[in-house]
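In: have a look at this prediction, sequence included:
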Amino acid sequence: MKFSEFNLHKNVFEGVEAMGFIEPSPVQEQVIPIALEGKDLIACAQTGTGKTAAYLLPLMHHLCTNRSNKIKGLILAPTRELVLQIDQQFQGFAYFTGLESIAIYGGSDSGIWEQQRAAIEQGCNILIASPGRLLSHLNLGYVDLSELEYLILDEGDKMLDMGFVDDINKILTYLPTKRQTLMFSATFPPKIRILANLLLKNPVEISIAVAKMAEGVLQAAYMTFDNQKNKLISHLLANKELDSVIIFSSTKIKVKQLHTELVKAGFAAKAIHSDLDQAERELVMRDFRNRKFPILVATDIVSRGIDVDNIGLVINYDVPHDAEDYVHRIGRTARASSTGVGLTFINETDIPRFARIEKLIKDTIFKAPNPPEIGDGPEYNPHAVRKINRTHSQQKSGKFNNRRRQPRQ
Ligand code: ADP
Ligand code: MG
């Protein structure tokens, strides 16, 4: 689905577009309609699944629909870093709305305290705050939350771990009891009920389980050394009636090289990567959508939110860094209940990463034998390799990082 289907306030939707968000993530797809209806909810989904926008967008929609210069929204988050991160996303989405936020967080710098105080006295629509510092301001009496309508608690599990329950309880005494409350958490330990009972009324519970593959996608993988990959691509694409094919690679250098080779070999292919400006990218995407050429070679900038239906074949030239990206990419095929094929090339270093994908989707993907003229690739043996590559495979990677465009100036 698309963000346009939520019927968000026009100015909020413009912000969504400016941020480069096109398709909602699963948690957004579930949370946004319920939040727009005004219900309380608790949503549990792992880090990086897009929880921030899931609550910011409905909140902003409400605030744009019923304008007021009182503080109507309060977002609580456990740490200064989170408060700033949330505020940053808010600023991005709020670009066209005229809504104002203030970030309230602790720190040793006394200048910050005065700044926060002055900003509060000037007025705003939304406070984004860590509990301890907000309470200090509240105790001094110049923060008026009597007309608050929306309370959001981010990282509920962390709030508990950091012992914020008492602070939150005290903050609640400053808030109207008639309000909408949303709570978000990366995990769902039993003790999270303590917070839920404290804050929420008849909440809808949303829990995003592990990612699921699109039905009807035929998946396979080829074990390939890097120097076998281009030959294999040519082999797979040669002498076929090609409809729409996307080949993803992790780096723009590989995208450019593969694109050049494909064109040299006589394929009608185009490339899309971050060296193209926005207008150029849009043109390539439009032509691809309109089936003016069959093969698109792309860095992962387009893997989420790309608007192309019924792609017959997706090839991962290398294994996506993020297991969930695999699901998103392969999910490009087989839209609208047609069937598609998703192929992944696995070299010797990508094996642990692919093993994680298989774990995520709870499935073992068929390792297709290489065509004889390509020769054998590395052996798929995740357990042997995982030990050696431990630090490598444990590196964290941001989920949708770099996919965000700056708001229009
Ligand atoms: P969480 O709070 O679940 O850990 P965030 O809300 O911080 O996740 O989102 C992680 C990253 O994903 C952010 O950089 C955000 O801008 C980006 N993001 C979230 N939703 C989308 C989307 N629908 N399309 C593209 N990027 C998104
Ligand atoms: Mg978050």
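Out: Looks like it came in fine. Residues are numbered from 1 along each chain as shown. Ligands and ions are numbered 1, 2, ... in the order given.

In: from memory F21 sits against F3, does it?
Out: Yes: look at F21 against F3 with Cβ atoms under 8 Å: they come within range, at 6.0 Å. C-betas here are computed from N, CA, C, even on glycine.

In: neighbour-wise, which of those two wins?
Out: The neighbour comparison of F21 against F3 (other Cβ atoms under 10 Å) goes to F21, with 25 against 22.

In: quick check: the more buried one is in a helix.
Out: No: counting by DSSP: H, G, I helix; E, B strand; the rest coil, F21 is not part of a helix but coil.

In: now do it, the pLDDT please.
Out: You'll see F21 listed with a pLDDT of 89.

In: quick check: it vs G92, distance?
Out: Here the criterion is Cβ to Cβ, to the nearest Å. By it, F21 lies 10 Å from G92.

In: is G48 in a helix, a strand, or coil?
Out: Strictly by three-state DSSP, G48 counts as coil.

In: and it, how many neighbours?
Out: With other Cβ under 10 Å as criterion, G48 counts 16.

In: same question for R133.
Out: 20.

In: what's it sitting at in phi/psi?
Out: phi -70, psi -40 (degrees, to the nearest 10).

In: just give me the neighbour total for P26.
Out: Neighbour tally, P26, other Cβ under 10 Å: 18.

In: so how far is M1 from it?
Out: 10 Å.

In: and for G156, nearest residue in space, chain neighbours not counted?
Out: S185 (3.9 Å; Cβ to Cβ, 6 or more residues apart in numbering).

In: tell me the pLDDT of the one you found.
Out: 90.

In: can you check T177 too?
Out: 95.

In: quick one: secondary structure of it?
Out: Per three-state DSSP, T177 ends up coil.

In: next one: the one 5 residues further on
Out: Here L182 is recorded as strand under three-state DSSP.

In: what helix or strand is the nearest residue to it once chain neighbours are set aside located in?
Out: Once flanking residues are discounted, L182 sits nearest to I152: 4.8 Å by Cβ to Cβ, 6+ apart. Using DSSP states H and E, I152 sits within strand 150-153.

In: can the following helix or strand past that strand be said to contact ligand 1?
Out: Next helix or strand after strand 150-153 toward the C-terminus (DSSP H and E): helix 156-161. No: on the criterion Cβ under 6 Å from any ligand atom, helix 156-161 is out of touch with ligand 1, staying 11.3 Å away.

In: list the helices and strands helix 156-161 packs on?
Out: Here helix 156-161 touches strand 180-185, helix 192-199, going by 3 or more Cβ pairs under 8 Å, 6 or more residues apart in numbering; DSSP states H and E.

In: save the ones you listed as a markdown table, and put in mean neighbour count and distance to ligand 1 too.
Out: What follows is the helices and strands packed on helix 156-161, written out as a markdown table (neighbours: other Cβ atoms under 10 Å; distance: least, Cβ to the nearest ligand atom, whole Å):
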| stretch | mean neighbour count | distance to ligand 1 |
| --- | --- | --- |
| strand 180-185 | 24 | 7 |
| helix 192-199 | 16 | 16 |
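
In: which of the ones you listed has the lowest mean pLDDT?
Out: helix 192-199 - the lowest mean pLDDT of the helices and strands packed on helix 156-161, at a mean of 87.

In: elements contacting the next helix or strand after that one?
Out: Moving toward the C-terminus from helix 192-199, the next helix or strand (DSSP H and E) is strand 204-207. Packing partners of strand 204-207 (3+ Cβ pairs under 8 Å, 6+ apart): helix 26-37, strand 41-44.

In: residues in contact with strand 204-207?
Out: With Cβ atoms under 8 Å, 6 or more residues apart in numbering as the contact definition, strand 204-207 has outside contacts at V27, Q30, V31, I34, K39, D40, L41, I42, A43, C44, A45, F188.
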